[in-house]
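A.B. asks: Sequence plus predicted model, see below.
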Amino acid sequence: MEAWKLKKLIKYRRVGELATKSGSVQTPFFMPIATKGAVKHLLPEEVRNLGAEIVLGNTYHLLLRPGAELIERAGDLHRFMNWPGSILTDSGGFQVFSLGARAQKRFGANGVKLSEEGVEFVDPISGDRHFLSPEDSIETQLKLGSDIIMVLDECPPYPCAWEYALVSLERTTRWAERCKKYFENQKLSLSQRPLLFAIVQGGVYEDLRKESAKQLVELGFDGYAIGGVAVGEPRETLKDILEWTTPYLPEDKPRYLMGLGKPEEIVAAVNAGIDMFDCVIPTREGRHGRLFIWNEQTELSNDKNASENFYKTINISNEKYKEDFSLVDPSCDCGLCSKYTRAYLRHLFTVGEPLAGRLASLHNLRFYLKLMERLREAE
């Protein structure tokens, strides 16, 4: 029985349903980021009421604090954070590499040592050394009780040479094979079994992206992610990477674009056949007073080259909103826009009131989740 089923195809856009052990999730979908077991500033029930059916937890951070064993003793991450929906956890690999610089700044060395066995790294807060193997990553995510777990991959930096990207993707394939073997050896029952996703790498090289996809599909997974598209490469390369990779991914499996993006990038990716997304943008931008506003009566394109004319962004801290007593976004049904004015929200940011970031995050997440609803409903 396949976990994902197609309900409707609009050109390349796939509208479907993904079954997890915690329930069904309508695709395409966006996952709010619950890095350390919480979506910043928001209660789980608020996130659910905004329309989220699934959130993303961060294996790296939860492994370090409070620890997978503690969360397992609490029941699992769902119970620990009181989240009633599904949870995807990443493997921890991206943070191991990306946070190495933070450890280096604080402790004088980033401590990241990559080998065939796995990766050694330094906790950027405590300075303690840790080791993460492919098997460790899977074991940790199983203890967290995740519904979708990711294989450990090496995320090469941008830029990197073709030769490095090749070595990296081949190691990612070997690690994926080890993850799958360890996962299958657990002999989980159907009701306990999460979905296991592999991650396509290959940098900005067309031949390597195709090769990575082919190798992983041959191994066989429940779904496939496209990784390494949020590590500093030019934004215009995203379109190319999708065009190179997507045709080599199975049509009957979910496809996940990791770590981005802007609203127009999500629309373009959905129109290219991608089903799953996560990004820090809505809550991060909200905390800084930048809000996404619908342009009324603008239809969403079904073109891969989607424009951004369906929305605009405003910086609510601007002086021009000081006496603007209109609703933040009359087209939005979130708790901010149904009750509060732009002038009030600007005031909260101006005086440093924490409620400001909370309300703005609430709105931006509703914008992203409403965007996914519109993409699922559009013809």
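C.D. replies: Sure thing, it's come through.

A.B. asks: Going by C-alpha atoms from here, please, whenever you check contacts or count neighbours.
C.D. replies: Noted.

A.B. asks: And the helices in the stretch 1-150 of the chain?
C.D. replies: Ranges of helices in the stretch 1-150 of the chain, per DSSP state H, counting those that start in this stretch, are 44-49, 59-64, 68-73, 77-81, 93-98, 100-107, 134-144.

A.B. asks: Can you tell me which of those helices is packed in deepest?
C.D. replies: helix 134-144 (a mean of 23; mean count of other Cα atoms under 10 Å).

A.B. asks: packing partners for that one?
C.D. replies: For helix 134-144, the packing partners by 3 or more Cα pairs under 8 Å, 6 or more residues apart in numbering; DSSP states H and E come out as helix 59-64, helix 68-73, strand 148-150, helix 162-185.

A.B. asks: and of the ones you listed, who's closest to Gln95?
C.D. replies: Minimum separation from Gln95 across the helices and strands packed on helix 134-144 (Cα to Cα) falls at helix 59-64, 6.5 Å.

A.B. asks: What helices and strands are in contact with the closest one?
C.D. replies: Helix 59-64 sits against helix 93-98, helix 134-144, with contacts defined as 3+ Cα pairs under 8 Å, 6+ apart.

A.B. asks: Now that we're looking at the spatially most central residue of the chain, what pLDDT does it have?
C.D. replies: For the chain, the residue nearest the mean C-alpha position is Asp278 (2.5 Å; Cα atoms, centre = their mean). With respect to pLDDT, Asp278 has a value of 97.

A.B. asks: likewise the one 10 residues further on?
C.D. replies: Here, the pLDDT recorded for His288 equals 98.

A.B. asks: ok now do it, which residues does it touch?
C.D. replies: Gly357 (Cα atoms under 8 Å, 6 or more residues apart in numbering).

A.B. asks: how far away is it from Pro84?
C.D. replies: As judged by Cα to Cα, to the nearest Å, His288 and Pro84 stand 29 Å apart.

A.B. asks: now Pro194
C.D. replies: Pro194 is 16 Å from Pro84, where distance means Cα to Cα.

A.B. asks: Tell me who's in contact with Glu72.
C.D. replies: 143-145.

A.B. asks: Same list, the residues you listed, but as JSON lines with pLDDT and distance to Leu300 please.
C.D. replies: Shown next, in JSON lines, are the contacts of Glu72 (pLDDT from 0 to 100; distance: Cα to Cα, whole Å):
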{"residue": "Lys143", "pLDDT": "98", "distance to Leu300": "40"}
{"residue": "Leu144", "pLDDT": "98", "distance to Leu300": "37"}
{"residue": "Gly145", "pLDDT": "98", "distance to Leu300": "36"}
